[in-house]
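> Build me a model:
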Amino acid sequence: MYVAVFAFGAIVGSFLNVLLFRKNTGESVMYSRSRCFLCGKKLSWFELIPILSFIIQRGKCRPPPGGCGSKISWQYPVVELTIAILSLTVATRLVPYTVSSYGLWLMAYGFYFSAFCSLFLIAAYDFKHKIIDRHFLYIFAGFSVAEFVWKNFNVSTTFSAGIVFLFFYSLWRFSGGRWMGRGDADLAFFLALFVGFPLSLFGFLGAFWIGAIVGIFLLLAPIKKFTIKSEVPFGPF
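A predicted model of the protein is given here:
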């Protein structure tokens with residue numbers, strides 16, 4: 001079963017790659033066939049096998065005359081592998097709680113895997129473009145409200161989510177967007193609803209610490225284009 005769960009996650013990861021590459025480009029996600037971005041060659045089914053095709057082709061488009069031989073972005077296998085591992089993690093974490101009912105396990109797996117995929121899209125898009133995409137955020141918001149109503153419907157979670165939102169909103173408002181993005185406040189609010197109190201507070205403290213450590217590392221690393229004024233997206237943390 002776990003092999004099937006891993007493979008399913010890799011397939012979903014391939015679809016998420018399509019969403020990330022085509023978002024806000026005007027290109028259809030459903031009706032436009034996958035192609036090489038450099039030569040425009042339409043890809044065959046054996047060139048679209050998640051993870052394996054990248055390895056078999058050594059990270060390149062097929063050589064002429066079938067293709068152009070250009071390098072393929074590492075984003076493809078990284079996202080596919082990440083989502084496959086995420087799928088497997090969700091499945092194994094749910095087993096002790098839903099072992100008595102396969103139907104219940106399937107529903108729980110579908111809910112949480114979908115929720116975390118929407119979070120991944122938010123983080124990946126923010127990492128690439130330094131903005132919280134509102135469409136991906138709306139999808140996660142639906143899962144967040146459902147989880148809140150089902151599990152975390154209490155005063156503590158409601159109050160802490162409001163405090164978290166006001167904190168991030170204040171950082172954005174008083175800095176004119178220099179310290180924090182407006183979308184980060186909305187993401188923080190829905191994350192707080194999703195995980196409940198006190199996990200939300202521990203989570204955001206951890207995010208700030210990890211972000212600070214990464215920022216210091218980037219400043220000390222020999223990366224010329226990164227300075228104290230460079231923007232670092234907070235969403236992924």
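> residue nearest the centroid of this protein?
Against the mean C-alpha coordinate of the chain, by CA atoms, centre = their mean, the closest residue is Phe120 at 1.1 Å.
> That residue touches Ser87, doesn't it?
No: taking CB atoms under 8 Å as the definition, Phe120 is not a contact partner of Ser87, at 11.0 Å. C-beta: built from backbone N, CA, C; applies to glycine.
> quick one: low-confidence parts of the chain?
Residue ranges of the chain with pLDDT under 70: 31, 38-40, 66, 96-100, 223-224, 228.
> Can you say which helix or strand has the residue of it positioned farthest from its centre in it?
Most distant from the centre of the chain: Pro65, at 36.2 Å, with distances by CA atoms, centre = their mean. Taking DSSP states H and E as the definition, Pro65 sits outside all helices and strands.
> Contact partners for Phe37?
By CB atoms under 8 Å, 6 or more residues apart in numbering, the contact list for Phe37 is empty.
> Then Ile55?
Pro77.
> Which element, helix or strand, includes it?
In this assignment (DSSP H and E), Ile55 forms part of helix 52-56.
> In that helix, which of the residues would be classed as buried?
Of all the residues in helix 52-56, those buried under the rule 16 or more other CB atoms under 10 Å are 53-54.
> Please apply the same query to stretch 148-162.
148, 152, 157-158, 160-161.
> and which of those residues is nearest Phe202?
Ser160 (10.8 Å; CB to CB).
> The closest one contacts Ala192, correct?
Yes: if you go by CB under 8 Å, Ser160 and Ala192 touch, sitting 5.9 Å apart.
> what is in contact with these two at once?
Ser200.
> just to revisit the earlier point, would you mind reformatting the buried residues of stretch 148-162 (as JSON lines) and adding columns for distance to Gly177 and secondary structure while you're at it?
Shown next, in JSON lines, are these (distance: CB to CB, whole Å; DSSP: H, G, I helix; E, B strand; the rest coil):
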{"residue": "Phe148", "distance to Gly177": "28", "secondary structure": "helix"}
{"residue": "Asn152", "distance to Gly177": "30", "secondary structure": "coil"}
{"residue": "Thr157", "distance to Gly177": "28", "secondary structure": "helix"}
{"residue": "Thr158", "distance to Gly177": "27", "secondary structure": "helix"}
{"residue": "Ser160", "distance to Gly177": "25", "secondary structure": "helix"}
{"residue": "Ala161", "distance to Gly177": "22", "secondary structure": "helix"}
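> Need the max-distance pair from those residues.
Farthest pair in the buried residues of stretch 148-162, by CB to CB: Phe148 and Ser160, 11.6 Å.
> about what we covered before: right, and the helix or strand after the helix holding Ile55?
According to DSSP H and E, the helix or strand after helix 52-56 is helix 75-98.
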